[in-house]
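> have a look; sequence and predicted model below, questions after that.
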Amino acid sequence: MSIFKVPENTNIEATAQRTDILHFMDVTKAEGVTPEAEGESVWCQMGVGWQTMTESPAAQTKERKFINEKSKRKNITSYAPSFAFDALLMFNNPAIRTVYDIYTKRKTGTDAVVPMVTVDAFETPVGGYYPARKGKYAVEVSSCDDDDDMDIKGNFNGQGDESIGWFDPVNGKWSDTEPTAQPAQTSSDTEETE
């Protein structure tokens, strides 16, 4: 038996804040958005304008009881993830506009699906990349109303399995493999390049 030893200078009571989990939507097909290179995705952070983004993994379970045990066993068999959202209708924001266009144009099927990335920015980055999940989500708008500023509410419903990888939130780059840290530049490296 061994006991977990906390690494020195580690605060095990540190808590992730809401601002430490980032969400991005692929807005490459949005009106007025032009990728820098052909085949490249344009990612828009879902921050300003988005009032809530509540994830529900919705684990699906199955119970079994064996003849030699008094208690049942419950296993996780799959997931049906979704994000409940509430956003101000900031119509110049490409991510919010994408959701609004799906709603107003009554898009269905694959036309109502958007790629999204969720980033754990509380983790230590490697070369500017953070651990992240990428998936496709069907946009389900449930309401668009309010007394003054318009609110658009609904759910992003998961479509199949998510990819686990790494995301650079500054440059909007996805990597399926863990990036390598860039070596620190020394003064001799600087002298050689000058």
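Nice, thanks for sending it over.
> next, the residue positioned nearest the centre of the chain: secondary structure please.
Nearest to the geometric centre of the chain sits residue 118, at 1.5 Å (Cα atoms, centre = their mean). Taken by DSSP: H, G, I helix; E, B strand; the rest coil, the conformation at residue 118 corresponds to strand.
> i'd like the first residue to be 350 from this point on
Right, with 350 as the first residue, what we last looked at is residue 467.
> ok, now which ones touch it?
Counting by Cβ atoms under 8 Å, 6 or more residues apart in numbering, residue 467 makes contact with 370, 371, 372, 404, 481, 482. Using the backbone N, CA and C atoms, a C-beta is placed for each residue, glycine as well.
> those, buried ones only, as a ChimeraX selection?
In ChimeraX, a selection of the buried entries from the contacts of residue 467 looks like this (16 or more other Cβ atoms under 10 Å):
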select :371,372,481,482
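> specify which member of the contacts of residue 467 is nearest to residue 448.
residue 372 (12.4 Å; Cβ to Cβ).
> so the closest one sits right up against residue 464, yeah?
No. Taking contacts as Cβ atoms under 8 Å, residue 372 lies outside contact range of residue 464: 11.6 Å.
> could you say what helices and strands the helix or strand where residue 486 lies packs with?
Using DSSP states H and E, residue 486 sits within strand 479-494. Packing partners of strand 479-494 (3 or more Cβ pairs under 8 Å, 6 or more residues apart in numbering; DSSP states H and E): helix 443-453, strand 462-469, strand 500-507, strand 512-517.
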